[in-house]
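Asks: structure of the sequence below:
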Amino acid sequence: MTEQPTVYVTRAIPAAGLDQLRDRYDVVVRDETLPPSKDHIVSRLEELDAEGLVCLLSEDVDATVLDASPDLSVVSTFSVGYDHIDLTAAAERGIAVGHTPGVLTETTADLAWALLLTCARRTVEGHAHVAADEWETWGPTLLTGPDVHDATLGIVGLGKIGTATAKRAAGFEMDVLYSGPSRKPAREDELASFGVEATYVERQQLLAESDFVSLHVPLTEATEGLIGEAELGRMAEDAILLNTSRGEVVDTDALDEALDRGEIARAGLDVTDPEPLPADHPLFRHAPERLVVTPHIGSASTGTRNRMAEMVAACTEAGIEGEPLPHSALRDAGVE
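Replies: Sure thing, here's the model as predicted:
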């Protein structure tokens, strides 16, 4: 009887994907919560002679990892992003790379709006106020914040998630500005069908005129540190910054100083730099009055995470069987 190919999974993903893989392969799942070291991944791939590797965004998959098992044919990441994987090295070795595009668009847009409303209406601060037994009576100036309806929403990066976030502005009758490398007429038309008139402007204008600035750009050399001291200084004092993209897009030290100086009103972050953000990080001195942080849960709905697991399994199966991947990072990045 021929042995089944082995798939090594660096951390447990939802059963919807694991069960799918277990039907056909010998699946070994690392039973730990924290990300493994690169040396650990290399060691396990060598020991198992694995044909498939399922990893997360936190794992660094470089040439050393890709060379660990001579039979490795596919790497599937439980994420949309793939900047943690050396795609060029994978292509050179004939190793397929799968990811999970598209599936988390709407769910992440929901989270962006959760942060927007939380920061505007100060709900986390309000909960802390009640929990600390400080709620004495209704007060005319207690925890007031800006209106969301009729405000201006600035979208930095009108991709799929940025567009989905902008669509939701229709229900609040907001003005929508967006910026990026170029104007996107097709996205404007899509938004117009939802009753949203999106106007393309330069980023400097967007920062100066938006009540809420929501970041939706991939992490690249061009976007790392995209929002720094100068950009925060252009924003209005009562503006709110939201980041559900990648932590490195915002200069953490500059944000800390901007909040300290009152250059912006508040920030809502689902991603941080560093990530995880330590509880003793200086940034937390602004919470909850001026800062709300969630632990990278943009895609954390049960349905979305199950679908991501199924996509990872499908990519892994295709790679092992020598078939085209349904969601190829190499193809999407223009590497293959």
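Asks: only C-alpha atoms from now on, for both contacts and neighbour counts.
Replies: Fine.
Asks: I'd like to know how far Leu115 sits from Gly262.
Replies: 19 Å (C-alpha to C-alpha, to the nearest Å).
Asks: neighbour count: these two, which is higher?
Replies: Leu115 (27 against 15; other C-alpha atoms under 10 Å).
Asks: residue nearest the centroid of the protein?
Replies: Ser245 (4.4 Å; C-alpha atoms, centre = their mean).
Asks: correct me if wrong: that residue contacts Val217.
Replies: Yes - look at Ser245 against Val217 with C-alpha atoms under 8 Å: they come within range, at 6.0 Å.
Asks: what about the strands in this structure?
Replies: For the chain, applying DSSP state E gives strands covering 6-9, 26-29, 52-55, 74-77, 96-98, 152-156, 175-179, 198-200, 212-215, 240-243, 266-269, 291-293.
Asks: in a markdown table, list these along with distance to Gly322, mean neighbour count and mean pLDDT.
Replies: Conversion of these to a markdown table gives the following (distance: least, C-alpha to C-alpha, whole Å; neighbours: other C-alpha atoms under 10 Å; pLDDT from 0 to 100):
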| stretch | distance to Gly322 | mean neighbour count | mean pLDDT |
| --- | --- | --- | --- |
| strand 6-9 | 15 | 24 | 98 |
| strand 26-29 | 17 | 18 | 98 |
| strand 52-55 | 12 | 27 | 98 |
| strand 74-77 | 9 | 29 | 98 |
| strand 96-98 | 9 | 29 | 98 |
| strand 152-156 | 39 | 26 | 99 |
| strand 175-179 | 41 | 23 | 98 |
| strand 198-200 | 44 | 21 | 98 |
| strand 212-215 | 38 | 26 | 99 |
| strand 240-243 | 38 | 25 | 99 |
| strand 266-269 | 40 | 26 | 98 |
| strand 291-293 | 42 | 22 | 98 |
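Asks: in CSV, list those along with distance to Thr302.
Replies: Converted to CSV, these look like this (distance: least, C-alpha to C-alpha, whole Å):
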stretch, distance to Thr302
strand 6-9, 20
strand 26-29, 20
strand 52-55, 19
strand 74-77, 18
strand 96-98, 21
strand 152-156, 27
strand 175-179, 30
strand 198-200, 31
strand 212-215, 24
strand 240-243, 22
strand 266-269, 21
strand 291-293, 21
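Asks: for this protein, give me the ranges with low pLDDT.
Replies: The chain contains residues with pLDDT under 70 at 1-2.
Asks: give me the distance between the nearest residue to Asp256 once chain neighbours are set aside and Asp253.
Replies: Nearest-residue entry for Asp256: Leu283, 5.5 Å, with adjacent residues in sequence omitted and distances by C-alpha to C-alpha, 6 or more residues apart in numbering. Leu283 sits 8 Å away from Asp253, going by C-alpha to C-alpha.
Asks: of those two, who's got more company?
Replies: Leu283 (20 against 13).
Asks: can you tell me how far the more buried one is from Leu153?
Replies: From Leu283 over to Leu153 (counting by C-alpha to C-alpha), the distance is 24 Å.
Asks: same check, this time on Asp256
Replies: From Asp256 to Leu153 the distance is 22 Å (C-alpha to C-alpha).
Asks: Thr272 too?
Replies: 21 Å.
Asks: buried stuff in stretch 278-289?
Replies: Within stretch 278-289, the residues that count as buried by 16 or more other C-alpha atoms under 10 Å are 283-284, 288-289.
Asks: same deal with stretch 203-212?
Replies: Those buried within stretch 203-212 under the rule 16+ other C-alpha under 10 Å are 203, 205-212.
Asks: for it, what is the distance to the chain centroid?
Replies: Chain-centre distance of stretch 203-212: 22 Å, with C-alpha atoms, centre = their mean, to the nearest Å.
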